[in-house]
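# quick one, what's the 3D model for this:
(2 chains)
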Amino acid sequence: MKNPKEIKSQETPTLKKAFTKALISFISITPMLIAVMGLVGLMQIYVTPDILSTFFGYGSLVDTLAGTLAGAISMGQGMISYVVAEGLMEQGVSHYALSAFILAWVTLGFVQLPAEASVFGLKFTFYRNILTLISTIIVSYATVLTVGALS
Amino acid sequence: MKIAFKGMKFLIIVFVLYIILLIADTTHALSALQKAGSILLSLIPLFLLIIALTALINYFLKPKQIIKNFGKDSGAKGVLYAIIGGIISHGPMYAWYGMLQDMRSHGLKDGLIATFMYARAVKLPLLPFMVDLFGLLFTIIMTLYILIAAVLQGKVIDTLGKREMKTL
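Below is the predicted model of the structure:
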């Protein structure tokens, strides 16, 4: 039988122990983080705004899907998505596509799929990304339609 | 202490990809490497913050409390915490995987992870840019729909999880 002191020490880790545990947990995912950052670097060089703009101009439904796809393959700070979106807007790309693009930029990421699967498992990653894909299209469409109805 | 590294195969694949590109397209590959390096440097403060946050969660929140606040019976309170966490969390999603993995091992339910991840689409510092680009009404409506979608995603993930448990 464990004595009360032993039980208490198991329940309340010292701050040093908690920090060590957090550090080890973080170190364990560093190969994955480095790999994702490596891929993000490649995507930022090879997937340029000019390439992204070729995805659009085929009607609102196809453009929304294209916006979702373009956002999912693009990586970088959220701020960049607005800069790219502004450029696309000037080219006449619809609000459906632009909102899908901005949403997918933050919530989806083909580059980080292997990392997500290795941390949370294949099933969770599959379900979450499918749901996110559907949500992104619905939210984009619903937003444009609601704003259109209200204004 | 033995550390179980995650994503080693993934890292090797990316490493091989870089080797191939360095031979085939040296200029772009070097630029990509430089980009990756600058991303890593820019994320170091965030990584330190996340390590500190994980340590504080480990220290202050006992597994029982994590289960109570973020577990299967956490209810609306858990959803609210996940939404607030998602909105205020900064940086790329993958930076938060370690902390979520740690909390998950202590009882954080999958539905709340999904809610957290989708609620991250609401970026407070970027809202002025969205207003500038799409207008105020559009921003308000979109933010509202994102939050609804975040909650629904969490519910669906939990329902799918429960269904799978039943079939086992």
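# just want the residue of chain B that's nearest chain A.
Using C-beta to the nearest C-beta, the closest approach of chain B to chain A is made by B:Gly7 at 2.7 Å. C-betas here are computed from N, CA, C, even on glycine.
# leaving out chain neighbours, which residue sits closest to that residue?
A:Met32 (2.7 Å; C-beta to C-beta, 6 or more residues apart in numbering or on different chains).
# with B:Phe129 instead?
Nearest one to B:Phe129, counting by C-beta to C-beta, 6+ apart, is A:Tyr82 at 4.3 Å.
# the helix or strand hosting the one you found packs against which elements?
Using DSSP states H and E, A:Tyr82 maps to helix A:78-90. Under the contact criterion of 3 or more C-beta pairs under 8 Å, 6 or more residues apart in numbering or on different chains; DSSP states H and E, helix A:78-90 touches helix A:49-53, helix A:95-107, helix B:127-134.
# what residues sit buried inside that helix?
Buried residues in helix A:78-90, counting neighbours by 16 or more other C-beta atoms under 10 Å in any protein chain shown, are found at A:78, A:81-82, A:84-85, A:88.
# any idea which helix or strand in chain B has the lowest mean pLDDT?
When the helices and strands of chain B are scored by mean pLDDT, DSSP states H and E, helix B:63-70 comes last with a mean of 77.
# okay, helices next: where are they in the chain?
No chain specified, so I'll use chain A. For chain A, the helices defined by DSSP state H cover A:4-11, A:15-28, A:30-46, A:49-53, A:60-73, A:78-90, A:95-107, A:113-120, A:122-150.
# please refer instead to chain B.
Using DSSP H, the helices assigned to chain B run over residues B:8-24, B:26-60, B:63-70, B:75-88, B:97-105, B:110-119, B:127-134, B:136-167.
# want to throw those helices into a markdown table with mean neighbour count?
Shown next, in a markdown table, are those (neighbours: other C-beta atoms under 10 Å in any protein chain shown):
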| stretch | mean neighbour count |
| --- | --- |
| helix B:8-24 | 15 |
| helix B:26-60 | 16 |
| helix B:63-70 | 17 |
| helix B:75-88 | 16 |
| helix B:97-105 | 21 |
| helix B:110-119 | 26 |
| helix B:127-134 | 17 |
| helix B:136-167 | 17 |
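# these two touch, right, B:Ala121 and B:Ile146?
Yes - the pair B:Ala121 / B:Ile146 is scored as a contact, 4.8 Å apart, by C-beta atoms under 8 Å.
# who touches both of those two?
The contact sets of B:Ala121 and B:Ile146 overlap at A:Leu103 (C-beta atoms under 8 Å, 6 or more residues apart in numbering or on different chains).
# taking chain A, what residue is nearest to chain B?
Proximity of chain A to chain B (C-beta to the nearest C-beta) peaks at A:Met32, 2.7 Å away.
# now that residue: how far from B:Leu160?
A:Met32 is 25 Å from B:Leu160, where distance means C-beta to C-beta, to the nearest Å.
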